[in-house]
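What follows is a predicted structure for the sequence shown.
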Amino acid sequence: MGHNGEAAPRVCVPANVVSEFIGLLADIANNYHRFLVDNELISKS
């Protein structure tokens, strides 16, 4: 008794790290999409 929801420790991540990570993912997505378009693997719509 006494361990209410403490099994999963809460990880504190700074907001700027989260935004950096999201920005990195967005860059990767944009570059990947551009790569596909340049190689005409998807239609240029």
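Cool, got the structure.

Point out where the protein drops to low pLDDT.
Counting by pLDDT under 70, the chain has low-confidence residues at 1-9, 42-45.

Could I get the full set of helices for it?
Using DSSP state H, the helices of the chain run over 15-38.

Run a quick neighbour tally on residue 12.
5 (other CB atoms under 10 Å). All C-beta spots, glycine's among them, are computed from the backbone N, C-alpha and C.

Please apply the same query to residue 37.
Counted with other CB under 10 Å, the neighbours of residue 37 add up to 13.

Next: residue 24.
Residues lying near residue 24 (other CB under 10 Å) number 10.

cool, residue 26 as well?
Burial of residue 26 is recorded as 10 neighbouring residues (other CB under 10 Å).

And the one 5 residues further on, by the same measure?
Around residue 31 sit 10 other residues, with neighbours defined as other CB under 10 Å.

shift numbering so it begins at 513
New numbering, starting at 513: the last item is residue 543.

That one and residue 526, how far apart?
25 Å (CB to CB, to the nearest Å).
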